[in-house]
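[1] coords below, sequence missing:
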């Protein structure tokens, strides 16, 4: 299934009828583009590929607000049933200067598109809101035609805030990572070092992931490194439900330090895991995407300088769980809570 | 002031893409700009090397220094920005807008770099 949203259509009212209207409109525009093909080629437009999702809507909104009047945006909603051929048809019809891929499914569809059709016929792409996008693309043949923004918020962004609102110093922060994530660990270590924070990474072996008891032991071992805080990365393998229930939660029930997380569910009082959560500001992520597109527009859509290069996300939302902080007896400067977007007291 | 040609300058976007670019290049020369929506987003620009330098007010710099341990090199400029202005669209809104502004507390006024609001007819 594939849906096309034209910019002029209000997204919250998109239903079957409006989609059909959009298709008719699209066909009319294609007719015009045949007549004025030179104009169509010169016109700058991007094709957004995304699943239907509230966060992606926000990214799109931020992006469109910035691009309005300068770069056209064609929004294509995809799902698990979307066929590569129908996506290729959209590319052929729209002739976009670039594509914007939101989420990992869109990234996967783009890779298939490149595999099935000649890569040079597929426009280069900007990947956003896709988990470990650089890592996912690293082994793909079309990686050189993709740039983007990482979805993972670097630890330093949250740790600087944590240090500012904490009465206690934050100097040593522990984290777990899997093999293959060394690049991410290296970048985060470097960023933290700039702020005088030492990241203490510990590798998790396959055997530790399979057995929650071993995983919990590893957490205990990590905690014996005189840590001031713990950072939990958004690695779904390390956060699979069995590990959360049998390792993370029991371990953290006895951990009296701050825990920085990047997933909204992990900051809820019911789980008692993270007391500070730092998440992407999706609207501003759209603005940041637009600034990459403007940069590329200025370079006449030449991706060579940005090839396989991923920017760090700049704008975030910071939520503090005050209840968990109090339970762990973490002293905080309440006068500095204006740095936070939300303080959860329940 | 040292030559900033070719540098990437991080700024809070007050005017929109093109006017902001013009505003900053008129003041600082042939630079490229990295715009952010919020003051707190300026620091990540430096940390992640998305910008070579930041262009900000003295009061924002003061706040920035409170939270970061980055080794900042500060270059004061002689640039004077215009004062904050609040306006009403319809005459009948005058009282409502004035009453609202009078209620601004110290924190909010600090945010606007305002010491005192004066009514101008």
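    Perfect, thanks for sending it. Note that this is a predicted model, so its numbers are computed, not measured. Numbers count the residues shown, from 1 in each chain, chains lettered A, B, ... in the order given.
[2] going forward, measure contacts between C-alpha atoms and count neighbours the same way
    OK.
[3] which residues does residue A:173 form a beta bridge with?
    residue A:199, residue A:229 (DSSP bridges).
[4] what's near enough to touch it?
    Residue A:173 sits next to A:197-200, A:227-231 when contact means C-alpha atoms under 8 Å, 6 or more residues apart in numbering or on different chains.
[5] how about the strands in the stretch 151-300 of chain A?
    Ranges of strands in the stretch 151-300 of chain A, per DSSP state E, counting those that start in this stretch, are A:172-178, A:198-204, A:229-231, A:258-261, A:276-280.
[6] out of the contacts of residue A:173, which one sits closest to residue A:100?
    The closest of those to residue A:100 turns out to be residue A:231 (C-alpha to C-alpha; 30.1 Å).
[7] Could you measure from the closest one over to residue A:172?
    According to C-alpha to C-alpha, to the nearest Å, residue A:231 and residue A:172 sit 10 Å apart.
[8] Pick out whichever of those two has more residues nearby.
    residue A:231 (23 against 17; other C-alpha atoms under 10 Å in any protein chain shown).
[9] Not counting sequence-adjacent ones, nearest residue to that one?
    Closest residue in space to residue A:231, ignoring its immediate chain neighbours: residue A:260 at 4.7 Å, by C-alpha to C-alpha, 6 or more residues apart in numbering or on different chains.
[10] Pull out the buried positions in the longest helix seen in chain B.
    Looking across chain B with DSSP state H, the single longest helix is helix B:17-28. By neighbour count on 16 or more other C-alpha atoms under 10 Å in any protein chain shown, the buried set for helix B:17-28 is B:17, B:20-21, B:24-25, B:28.
[11] now that helix: how far from the chain's centre is it?
    Between the mean C-alpha location of helix B:17-28 and the chain-wide mean there is a distance of 13 Å, by C-alpha atoms, centre = their mean, to the nearest Å.
[12] packing partners for it?
    Here helix B:17-28 touches strand B:32-36, going by 3 or more C-alpha pairs under 8 Å, 6 or more residues apart in numbering or on different chains; DSSP states H and E.
[13] Partner strands of the strand it packs on, with direction?
    strand B:8-12 (parallel).
[14] on that earlier part again, distance to residue B:7 added to the contacts of residue A:173, as a markdown table?
    Shown next, in a markdown table, are those (distance: C-alpha to C-alpha, whole Å):
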| residue | distance to residue B:7 |
| --- | --- |
| A:197 | 28 |
| A:198 | 30 |
| A:199 | 31 |
| A:200 | 34 |
| A:227 | 38 |
| A:228 | 37 |
| A:229 | 36 |
| A:230 | 36 |
| A:231 | 34 |
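[15] got the contact list for the residue nearest to residue A:231?
    Residue A:260 makes contact with A:155, A:158-159, A:229-232, A:274-278 under the criterion C-alpha under 8 Å, 6+ apart.
[16] Okay then, goodbye and thanks.
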